[in-house]
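J.: Predicted structure and sequence below. I'll ask about it afterward.
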Amino acid sequence: MIVDQIQDKFDAVIETPWSGIKLGLGFNNELLTSVEFFSVDVDIHQPLIAPQQQIIAQLDRYFSNPHHQFEIPLDLKGTAFQVRVWKTLCLIPAGETMTYGELADRLGSSARAVGNACRVNKLPVLVPCHRVVAKSGLGGFMGQRQGHELSIKQCLLQHERAIDGD
């Protein structure tokens, strides 16, 4: 049942370099609208149209080279504040992190508001909310503070060499 729901929800499902973790991608024509990590065993499938295939090729380049600069038009839908947070996240280079508090100071806001904007980010990896960490520790990822989601954040930061793989 859950596999069918995932297959229906995403226009493409691709492998990641991390064992058992797949990436579901939703598109609106040529625009990437959603990215979601999951570990359910579903079939990999590619989109049919060239612009969507080019987006997947860029994600593959990121998986090979964490410093790849995405050239993908982003469909950022949210409040004005959320969009401001997400645009600022895109300025944090791969291999670097910023705390929720530092980002909040930069935006003249609160760490909680920044965390909430990160939590509702529909385009993780491309809008790199994984690069925002707590003052002590990783903080949360995709609305969770432990479990599978946090291990994905750890994989992304290790891939970018922002944290040690120990």
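T.: Perfect, I can see it now.
J.: When you work out contacts or count neighbours from here on, use the C-alpha atoms and nothing else.
T.: Fine.
J.: ok, the one residue sitting closest to the centre of the chain to Ile49 distance?
T.: In the chain, the centroid-proximal residue (CA atoms, centre = their mean) is Pro124; its distance is 1.4 Å. According to CA to CA, to the nearest Å, Pro124 and Ile49 sit 22 Å apart.
J.: swap in Gln158?
T.: Gln158 sits at a distance of 32 Å from Ile49 (criterion: CA to CA).
J.: Could you check which of the two is surrounded by more residues?
T.: Counted by other CA atoms under 10 Å, Gln158 and Ile49 do not tie: Gln158 has more neighbours, with 16 against 10.
J.: Give the other helices and strands that the host helix or strand of the more buried one contacts.
T.: Per DSSP states H and E, Gln158 falls inside helix 148-159. Packing partners of helix 148-159 (3 or more CA pairs under 8 Å, 6 or more residues apart in numbering; DSSP states H and E): none among the helices and strands.
J.: Pull out the buried positions in it.
T.: Glu149, Leu150, Ile152, Lys153, Gln154, Cys155, Leu156, Leu157, Gln158, His159 (16 or more other CA atoms under 10 Å).
J.: And for Leu48, the neighbour number?
T.: 10.
J.: Tell me how far it lies from Leu126.
T.: For Leu48, the distance to Leu126 - CA to CA - is 21 Å.
J.: all strands in the protein, in order from the N-terminus.
T.: Using DSSP state E, the strands of the chain run over 12-15, 22-28, 31-38, 98-99, 132-133.
J.: partners of the fourth one, with directions?
T.: It refers to strand 98-99. Here strand 98-99 has these sheet partners by DSSP bridges: strand 132-133 (parallel).
J.: Other residues contacting the partner strand?
T.: Residues from elsewhere that reach strand 132-133, judged by CA atoms under 8 Å, 6 or more residues apart in numbering: Leu89, Thr97, Met98, Thr99, Tyr100, Leu138, Gly139, Gly140.
J.: Which one of those residues sits in the busiest neighbourhood?
T.: Top of the contacts of strand 132-133 by neighbour count (other CA under 10 Å): Tyr100, with 23 neighbours.
J.: Skipping its backbone neighbours, what lies nearest that one in space?
T.: Among residues not flanking Tyr100 along the chain, Ala111 sits closest, at 4.9 Å (CA to CA, 6 or more residues apart in numbering).
J.: show me what contacts the one you found?
T.: Tyr100, Gly101, Glu102, Leu103, Ala104.
J.: which of the residues you listed tops the neighbour count?
T.: Going by other CA under 10 Å, Tyr100 tops these with 23 neighbours.
J.: I'd like the distance between it and Pro47.
T.: Using CA to CA, Tyr100 is found at 35 Å from Pro47.
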